[in-house]
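In: 3D model of this:
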Amino acid sequence: MADMIESGNAGITTPAFVFDTAKLSERVDYIKRTLGKRFRLCYAIKANPFLIGELIGAIDGLEVCSPGEYRICERVGIAPEKIVLSGVYKEREDIRRIVKACGAKTVYTAESPSQAELLSELGKERGITLPVILRLSSGNQFGMDGATLKSVLSSGLTNIDVIGVQLYSGTQKRTDKIEREIKELIAFVAELEKDCGLNCRRIEYGPGLGVTYFKNEPERDDAAAMQVVADAFGSVPERIEIVLEMGRFIAAYCGEYRTQIVDKKTTAGVNYLITDGGINHLNYYGQVMAMKQPFMRVERREDGALKEAAAVGDGTYTVCGALCTTADVLVKSCPMGLVEVGDTLVFSRVGAYSVTEGIYLFLSRDMPRIYKRDGKGALTLLRDTVETDTFNGRH
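Out: Reported below is the predicted structural model:
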């Protein structure tokens, strides 16, 4: 059960993630306004499942890639019409249960001929026709190549209605690659309609628009990148619905990770800060934090409140976490002025992936707390700390 706590950063017990719902709403509004009404927005919940309750009223759908993610949607009360059931592995009994619950209200993806056959069989069991999107591969284990996808269309499977094609090739992509992919995808859909009789009503595409995670890297022009996407889809007939699947691009900017400095020392001329968190919690894209400077600030307690500390002095530190491994380095040689034990380091732009990608079970350290902050600054504890030693051993 989520608990309301006091407002302000002083009420946060580290290590913790804090997600700002006002920033999230502003981000979604900005994306929708910039792209225009031609596009529907689908949130990939693997980016951050803690946000779906805040997002569901503002976006058009959720991409669900595992039985666990589907159970999260059930607990939150997500309507079947809002779900796109994806995933490279679809276990028969899991999908049977979901088909029983959602029927033809949910859209299902097929990433292989056997997945298409499974959906056909389950449709027959229920006496319904399931709406299906065929996933086109970008050259990896996901989806099918063009020839295989065509063979599925011509296989005569019953109780599925192939409504369109899905393509997702990765994240943090350049706009020239995105533009090229969209043009190739549109051409392929036209080929399927001509040669295979596909009645395409939906194209689902993951643009993989990038986020700037580190200082000294140029800030990305989000508006220009979205305009590239909009222009590239300009030739698609209005009868075809265009769904853009996004995760990182939506969620990254609303999150911060807070960890307290618990020790400070100098060893062989290197200034070290030890924190109560570490790489078991915090994971930026590519996990190259130690080699680059993330967006980070220092907060210090003054008059009972945590306030951003001015960078006074020429202190330069290597920040390490609480794990007993030399790999637990959050950032190397980071200039931040003079800091002390008890100060809080706040890493920003961690609203996507970091909260679920950390190696949480390593060394049986506790999992971090999860908070959300609303537009008035009020904090809600979404998940308290979780002890992991019970997962790692039984005695």
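
In: run through the stretch 201-350 of the chain and note the low-pLDDT ranges.
Out: Applying pLDDT under 70 to the stretch 201-350 of the chain picks out residues 285-290.

In: all strands of it, in order?
Out: Using DSSP state E, counting those that start in this stretch, the strands found in the stretch 201-350 of the chain span residues 202-206, 241-246, 255-267, 270-275, 296-302, 305-308, 316-320, 329-335, 344-348.

In: export these as TSV, with columns for distance to F19 and mean neighbour count.
Out: Heads up, the C-betas are built off the backbone N, CA and C, glycines and all. Output for the strands of the stretch 201-350 of the chain, formatted as TSV (distance: least, CB to CB, whole Å; neighbours: other CB atoms under 10 Å):
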stretch	distance to F19	mean neighbour count
strand 202-206	22	23
strand 241-246	16	21
strand 255-267	5	18
strand 270-275	20	18
strand 296-302	17	16
strand 305-308	18	14
strand 316-320	22	20
strand 329-335	20	18
strand 344-348	12	23
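
In: okay if I get those as a markdown table plus distance to A190?
Out: Formatted as a markdown table, these follow (distance: least, CB to CB, whole Å):
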| stretch | distance to A190 |
| --- | --- |
| strand 202-206 | 11 |
| strand 241-246 | 14 |
| strand 255-267 | 40 |
| strand 270-275 | 54 |
| strand 296-302 | 48 |
| strand 305-308 | 54 |
| strand 316-320 | 52 |
| strand 329-335 | 48 |
| strand 344-348 | 43 |
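
In: nearest to E184, of these?
Out: Evaluated over those, closeness to E184 peaks at strand 202-206, with 11.1 Å, by CB to CB.

In: neighbours of the closest residue to M367 other than its chain neighbours, how many?
Out: Counting by CB to CB, 6 or more residues apart in numbering, M367 lies nearest to V386, which is 4.0 Å off, once chain neighbours are set aside. A count of nearby residues for V386, using other CB atoms under 10 Å, gives 13.

In: average pLDDT for the helix or strand hosting I31?
Out: In the assignment (DSSP states H and E), I31 maps to helix 21-35. When the per-residue pLDDT values of helix 21-35 are averaged, the result is 97.

In: tell me the angle it makes with strand 241-246.
Out: Helix 21-35 and strand 241-246 are oriented at 140 degrees to each other (axes from the mean of the first three to the mean of the last three CA atoms, to 10 degrees).

In: show residues contacting helix 21-35.
Out: Residues lying outside helix 21-35 but in contact with it, judged by CB atoms under 8 Å, 6 or more residues apart in numbering, are 41, 51, 54-55, 58-59, 222-223, 226-227, 229-230, 244, 246, 249-251, 253-254, 351, 372-375.

In: and L119, which helix or strand is it part of?
Out: Under DSSP H and E, the secondary-structure element containing L119 is helix 113-126.

In: so how far is D328 from the residue lying farthest from the centre of the chain?
Out: Relative to the C-alpha centroid of the chain, counting by CA atoms, centre = their mean, A268 is the outermost residue, at 39.8 Å. Taking CB to CB, to the nearest Å as the measure, A268 falls 18 Å from D328.
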